[in-house]
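Student: sequence and predicted structure are below.
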Amino acid sequence: MRRVLLLSLLLLSGLARAELPETDWLELMPKSDQKALEQMPEIDHNSPEAMGTFSEKGGLKQSKGLPAVMYSTKTVAAMNGKHIRLGGYPVPLETDAKGNSTLFFLVPYPGACIHVPPPPPNQLVLVRYPKGLKLDDIYTPLWVNGTLKVETVSNDLADAAYAMDAAKVRVVEDADL
């Protein structure tokens, strides 16, 4: 009996350390938006940013004239309150006294803050991580574990349809791939 109990405890402790399965970014987007994205015409990337000249304030805000799906704040209700692991790239917003990022947007592809067009709001997640993480490069992919919330966030940089209180943030390592 003691062996069975010990084995059970070892198995449970192993499960507790196991990571959550990865949540795909498309799971944050309603099926209707996924279909609209698939049918969307190619977008021209000729912009001041692409040419290396910046005449307007940059950021993740959508410019006018894109297909409606690119402005979508439609969310998936079943994702609200769900504990997930999401991979993406940081767009730092706030740091602590040590220079660690405590508030950042997580985006599905690298350089989203300088490429045109940025992801729609339902593909941006505001991450709150009071513990902080040293970010040396916005092109460094991250894993973020936490509780996802349907929460509209709007600031000068971007509009997001989700926010997450992160329990754990770490850099993606070669062994993860």
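Tutor: Received it, and whenever you're ready, just let me know what you need.
Student: can you list the low-confidence ranges for this structure?
Tutor: 1-17, 43-60, 113-116 (pLDDT under 70).
Student: can you pull out the strands in it?
Tutor: 22-23, 83-95, 101-107, 125-133, 142-154, 159-171 (DSSP state E).
Student: can you redo those as a markdown table with mean neighbour count and distance to residue 76?
Tutor: Glycine gets a C-beta too; all of them are placed from N, C-alpha and C. Below are the strands of the chain laid out as a markdown table (neighbours: other C-beta atoms under 10 Å; distance: least, C-beta to C-beta, whole Å):
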| stretch | mean neighbour count | distance to residue 76 |
| --- | --- | --- |
| strand 22-23 | 16 | 11 |
| strand 83-95 | 18 | 11 |
| strand 101-107 | 22 | 16 |
| strand 125-133 | 19 | 13 |
| strand 142-154 | 18 | 8 |
| strand 159-171 | 19 | 9 |
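Student: how about those strands in TSV, adding distance to residue 71?
Tutor: Shown next, in TSV, are those (distance: least, C-beta to C-beta, whole Å):
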stretch	distance to residue 71
strand 22-23	23
strand 83-95	18
strand 101-107	16
strand 125-133	17
strand 142-154	12
strand 159-171	8
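Student: closest to residue 39 out of these?
Tutor: strand 159-171 (20.8 Å; C-beta to C-beta).
Student: using PDB, list the CA coordinates for that closest one.
Tutor: Presented in PDB, the C-alpha positions along strand 159-171 are these (Å, rounded to 0.1, in the frame of the first residue of the first chain):
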ATOM      1  CA  ASP A 159      -5.900  47.600 -29.200                       C
ATOM      2  CA  ALA A 160      -6.200  44.100 -27.700                       C
ATOM      3  CA  ALA A 161      -9.200  41.800 -27.100                       C
ATOM      4  CA  TYR A 162      -7.400  39.600 -24.500                       C
ATOM      5  CA  ALA A 163      -5.300  40.000 -21.400                       C
ATOM      6  CA  MET A 164      -3.400  37.500 -19.300                       C
ATOM      7  CA  ASP A 165      -2.100  37.400 -15.800                       C
ATOM      8  CA  ALA A 166       1.000  35.400 -16.400                       C
ATOM      9  CA  ALA A 167       2.100  32.800 -13.800                       C
ATOM     10  CA  LYS A 168       5.200  31.900 -15.800                       C
ATOM     11  CA  VAL A 169       7.100  33.400 -18.700                       C
ATOM     12  CA  ARG A 170      10.200  31.900 -20.200                       C
ATOM     13  CA  VAL A 171      12.200  32.100 -23.400                       C
END
